[in-house]
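[1] Kindly generate the corresponding structure for this input.
(one chain, ligands or ions: 1)
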Amino acid sequence: MSNNEIIKLSTGATINQIGLGTWLSKPKEVENAVEIAVRNGYRHLDCAMIYENQDEVGAALKKVIPSVVKREELFITSKVWNSSHQPALVEKELDQTLSQIGTDYLDLYLVHWPVAFVPGQGLNPRHPTKENEAALDLQTTLVDTWKAMIALPKSKVRAIGVSNFTIGQIEAIIKATGVVPVANQVEAHPLLPQDDLLAFCKQKGIHVTAYSPLGNNLVGKPKLTDYPEIVKIAEAKGATPAQVLVAWGAYRGYSVIPKSVQEERIKSNFQQVTLTKEEYEAISAVGKNNYTRFNIPYGYKPRWDINIFDEPEEKNATNPVNIGA
Ligand SMILES: NC(=O)c1ccc[n+]([C@@H]2O[C@H](COP(=O)([O-])OP(=O)(O)OC[C@H]3O[C@@H](n4cnc5c(N)ncnc54)[C@H](OP(=O)(O)O)[C@@H]3O)[C@@H](O)[C@H]2O)c1
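    You can find the predicted model right below:
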């Protein structure tokens, strides 16, 4: 077992390969989880305004900075939410995030989704006439928001990037501005290997971070950690199923951000195991003929009536992403 590789970003900064996810933790859980994580060696934390718990991240950080780590030893990512895509709102929301986390700067700030919401009505505005739909802002373009990200002061964000962006969306914002995102955070696991996107990002020097590396259990489908094939490979290796799934991502060279609020899991997920080529291929085989993208907002309640990924589940969406290039 080796303990947590370091990866260099296009900016020259470094990021720890295994980070802690913080989405969908119940009140107080994330405060506890972040404290445990940092005390046990995690240095990479994944946050977002929409998780509505950045103040808890901040409370935990107060307990470990500077007694356990210096701020500079941490890599903190956060993300601007859809309701702050209008250029005048981007820095405003960043300031709120900085104040919640209790830090002067973020190491990485991402555009959370290639989707703008109508601002000023909370984080999840409802469509005024369609009960079960989110209120989309169809005027603000990805290029508008990306330009506002580029204009953010370096003193507040060391690097900027995107999340849930496709190859075409990334190409468009680069073409319009000449500025390449430092990172793209996307869903990636054996059922969604994202090979084309990875190859594209590699060619452009864009770091990839994989979210939902264990598959999430929101949709009532079995988690990848419960798949018999994964359990078998893990048992043969003397590792946990989560460790081999994290290792599968690490084998592919990107960073991985498993979320847990349970102490033993937080600790064991961080113990990096290394896969042989055969083990890597056996885990990859679990995804063959089993392509699954779990996180498609067209299926959310309320629905985002927009086609982001061009998946079959999105074919009835009314709106395309407003790229603006
Ligand atoms: N950019 C985006 O749009 C986006 C979207 C989704 C997620 N994310 C980020 O990525 C992070 C991770 O993704 P995720 O939360 O969707 O999914 P995940 O990390 O793949 O899976 C989390 C689930 O696995 C469980 N788990 C954790 N360790 C385990 C272990 N060792 N054995 C068995 N089960 C285990 C967790 O429960 P316990 O907590 O009870 O252990 C939780 O139910 C998020 O927290 C968030 O920071 C970003």
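
[2] Okay, helices next: where are they in the stretch 151-300 of the chain?
    167-177, 195-204, 228-237, 241-251, 263-270, 277-285 (DSSP state H, counting those that start in this stretch).

[3] Just the pLDDT at Leu218, thanks.
    Looking at Leu218, its pLDDT is 68.

[4] whoops, I mixed them up, Asn3
    pLDDT, read off for Asn3, is 55.

[5] Backbone dihedrals for the residue of the stretch 1-150 of the chain at minimum distance from the ligand, please?
    Closest approach between the stretch 1-150 of the chain and the ligand, counting by Cβ to the nearest ligand atom: Gly21, at 2.4 Å. (Glycine included, C-beta is placed from N, CA and C.) Gly21 adopts backbone torsions of phi -80, psi 150, taken as degrees, to the nearest 10.

[6] list the contacts for the residue nearest to it when sequence neighbours are not counted?
    Distances taken as Cβ to Cβ, 6 or more residues apart in numbering put Lys259 closest to Gly21, at 3.1 Å, once the chain neighbours are dropped. Going by Cβ atoms under 8 Å, 6 or more residues apart in numbering, Lys259 touches 20-25.

[7] Write out the residues of the protein neighbouring the ligand.
    21-24, 46, 112, 163-164, 185, 211-217, 225, 240, 242, 257-262, 265, 268-269, 295 (Cβ under 6 Å from any ligand atom).

[8] re the thing from before, dump the helices of the stretch 151-300 of the chain into a markdown table; add mean neighbour count and mean pLDDT as well.
    What follows is the helices of the stretch 151-300 of the chain, written out as a markdown table (neighbours: other Cβ atoms under 10 Å; pLDDT from 0 to 100):
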| stretch | mean neighbour count | mean pLDDT |
| --- | --- | --- |
| helix 167-177 | 17 | 98 |
| helix 195-204 | 15 | 98 |
| helix 228-237 | 16 | 96 |
| helix 241-251 | 24 | 98 |
| helix 263-270 | 18 | 98 |
| helix 277-285 | 15 | 97 |
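
[9] Stretch 172-191: end-to-end distance?
    27 Å (Cα to Cα, to the nearest Å).

[10] in it, what's buried?
    Within stretch 172-191, the residues that count as buried by 16 or more other Cβ atoms under 10 Å are 172-174, 176, 181-191.

[11] ditto for stretch 11-24
    15-23.

[12] again, but for stretch 43-57
    43-51, 53-54, 56-57.

[13] what's in contact with that stretch?
    15-25, 27-28, 30-31, 34, 37, 69, 73-81, 84, 93, 96-97, 100-101, 112, 123, 185, 209, 211, 255, 257.

[14] Against Lys288, how distant is the residue of the stretch 1-150 of the chain closest to the ligand?
    26 Å (Cβ to Cβ, to the nearest Å).

[15] Could you do Asn40 as well?
    35 Å.

[16] more neighbours, the two?
    For Asn40 versus Lys288, the count of surrounding residues by other Cβ atoms under 10 Å is larger for Asn40: 15 against 10.

[17] Arg196 touches Ile170, doesn't it?
    For residue 196 the amino acid is Asp, not Arg. No - here Asp196 does not reach Ile170: they are 11.9 Å apart, not a contact under Cβ atoms under 8 Å.

[18] In this structure Asp226 contacts Leu245, no?
    No - taking contacts as Cβ under 8 Å, Asp226 lies outside contact range of Leu245: 11.1 Å.

[19] Quick check: pLDDT value at the residue of the stretch 51-200 of the chain found nearest the ligand.
    Using Cβ to the nearest ligand atom, Ser163 is the residue of the stretch 51-200 of the chain that sits closest to the ligand, at 4.0 Å. The per-residue pLDDT reported for Ser163 equals 99.

[20] which ones are touching the residue nearest to it when sequence neighbours are not counted?
    Closest residue in space to Ser163, ignoring its immediate chain neighbours: Gln185 at 4.0 Å, by Cβ to Cβ, 6+ apart. By Cβ under 8 Å, 6+ apart, the residues touching Gln185 are 46, 77, 79, 110, 161-164, 208-211, 257.

[21] now that we're looking at Gln185, how far away is Ala236 from it?
    31 Å.

[22] hmm, back to that, got the buried residues of stretch 43-57 as JSON lines, with secondary structure and pLDDT columns?
    Output for the buried residues of stretch 43-57, formatted as JSON lines (DSSP: H, G, I helix; E, B strand; the rest coil; pLDDT from 0 to 100):
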{"residue": "Arg43", "secondary structure": "coil", "pLDDT": "98"}
{"residue": "His44", "secondary structure": "strand", "pLDDT": "98"}
{"residue": "Leu45", "secondary structure": "strand", "pLDDT": "98"}
{"residue": "Asp46", "secondary structure": "strand", "pLDDT": "98"}
{"residue": "Cys47", "secondary structure": "coil", "pLDDT": "98"}
{"residue": "Ala48", "secondary structure": "coil", "pLDDT": "98"}
{"residue": "Met49", "secondary structure": "helix", "pLDDT": "98"}
{"residue": "Ile50", "secondary structure": "helix", "pLDDT": "97"}
{"residue": "Tyr51", "secondary structure": "helix", "pLDDT": "96"}
{"residue": "Asn53", "secondary structure": "coil", "pLDDT": "96"}
{"residue": "Gln54", "secondary structure": "helix", "pLDDT": "97"}
{"residue": "Glu56", "secondary structure": "helix", "pLDDT": "97"}
{"residue": "Val57", "secondary structure": "helix", "pLDDT": "97"}
